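Undergrad: what would the 3D arrangement of this be:
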Amino acid sequence: MTAGRVAGKRVLVTGGASGLGAAIVRRLAGEGARVFVADIDGERGTALAVDTGGRFLELDVTDEAAWIATIAAIEQDAGGLDGLVNNAAIINSRHGLDIETIAIDDLHRLFAVNVDGTVLGCKHAIPLLAHSGGGSIVNMSSIAALLPAGFLISYSASKATVMHITRSVALHCAEKGHAIRCNTVHPGNILTPMLRDMIARTAVDAGMTYDAMAALNLSRIPLGKFQEESDIAHAVLYLISDEARYITGSKLVIDGGMTLSN
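TA: Residues are numbered from 1 along each chain as shown. As a prediction, this is how the structure comes out:
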């Protein structure tokens, strides 16, 4: 029987209980990784961990003490760590999404999850990754980091920040001789619950129906179709695997060509 592409690797995936995170967990586990599913959703996270032969760890990525406990639990359980996928993110706003309507507390909450969560993940995973002989960090960014969007100011800024943090982390690890690679993945439009919610709210703001706004989004994709979570999970698998051993500080844009004309 052929060994999987990440056989024996120990990988932590944040926001792993559902949506894109769950797809990543399943893809990694399907190729032989032991995956630690970290999330605030204990019910779905536990079920997924059982189904994929991994372990669920309750984690609020904004809580530094929780990160310390999570990494300690992984070290005690698995003896080390080979990969980290900082996937947990939000796009929410109870108010507006543009500069004139956004509430500053919403901005702070979004940055706490999307940016602080990524920084804390890198900060606390790097020592264990280094002690384990090195590994790979994949930080989930977005094409929103590359394309300006007036209606997504906080989300776009947070994902651009993640992109630049990643480059700094990659350089830091190389300079320290940690043998840790760090890269970003930039998904385009995946019809996740988060994107559907964004389409619904922007449709209301524009005085359009949901279907009309979804069609408008689709028209901006040269390949003519929304991507699937598996498209991103395949990319994460590659970056976690040793096949990507010479890739660090890079951004992998998976958007069906959306950024070609911008």
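
Undergrad: list the contacts for residue 202?
TA: For residue 202, the contacting residues are 97, 151, 213, taking CB atoms under 8 Å, 6 or more residues apart in numbering as the criterion. (C-beta placed from N, C-alpha, C; glycine too.)

Undergrad: how about the helices in the chain?
TA: 19-30, 42-52, 64-78, 104-111, 117-131, 153-176, 193-206, 210-219, 229-240 (DSSP state H).

Undergrad: and among these, the most buried is which?
TA: helix 19-30 (a mean of 24; mean count of other CB atoms under 10 Å).

Undergrad: what about stretch 97-114, start to end distance?
TA: Using CA to CA, to the nearest Å, the end-to-end distance of stretch 97-114 comes out at 16 Å.

Undergrad: distance from that stretch to the middle of the chain?
TA: Offset of stretch 97-114 from its chain centre (CA atoms, centre = their mean, to the nearest Å): 19 Å.

Undergrad: lowest average confidence, helix or strand, in this protein?
TA: Ranked by mean pLDDT, DSSP states H and E, the weakest helix or strand in the chain is helix 193-206, scoring a mean of 83.

Undergrad: could you identify the least confident member of the contacts of residue 202?
TA: Among the contacts of residue 202, residue 97 carries the weakest pLDDT, at 72.

Undergrad: count the residues that sit near it.
TA: 22 (other CB atoms under 10 Å).

Undergrad: quick one: contacts for the nearest residue to it once chain neighbours are set aside?
TA: Closest residue in space to residue 97, ignoring its immediate chain neighbours: residue 151 at 4.8 Å, by CB to CB, 6 or more residues apart in numbering. Counting by CB under 8 Å, 6+ apart, residue 151 touches 97, 98, 202, 205.

Undergrad: please apply the same query to residue 205.
TA: residue 151.

Undergrad: give the residue spans of this protein that score low on pLDDT.
TA: 1-2, 92-96, 262 (pLDDT under 70).

Undergrad: so which residue is dead centre in it?
TA: For the chain, the residue nearest the mean C-alpha position is residue 87 (2.3 Å; CA atoms, centre = their mean).

Undergrad: could you count how many residues lie near residue 13?
TA: Residue 13 has 32 neighbouring residues, counting by other CB under 10 Å.

Undergrad: scratch that, residue 9
TA: Counted with other CB under 10 Å, residue 9 comes out at 24.

Undergrad: let me see the contact set for it.
TA: Counted by CB under 8 Å, 6+ apart, residue 9 has contacts 28, 32, 33, 34, 82, 83, 135, 240, 241.

Undergrad: what of residue 178?
TA: 126, 129, 130, 134.

Undergrad: and the residues you listed as JSON lines, adding distance to residue 6?
TA: JSON lines is the format used below for the contacts of residue 178 (distance: CB to CB, whole Å):
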{"residue": "126", "distance to residue 6": "19"}
{"residue": "129", "distance to residue 6": "14"}
{"residue": "130", "distance to residue 6": "19"}
{"residue": "134", "distance to residue 6": "14"}
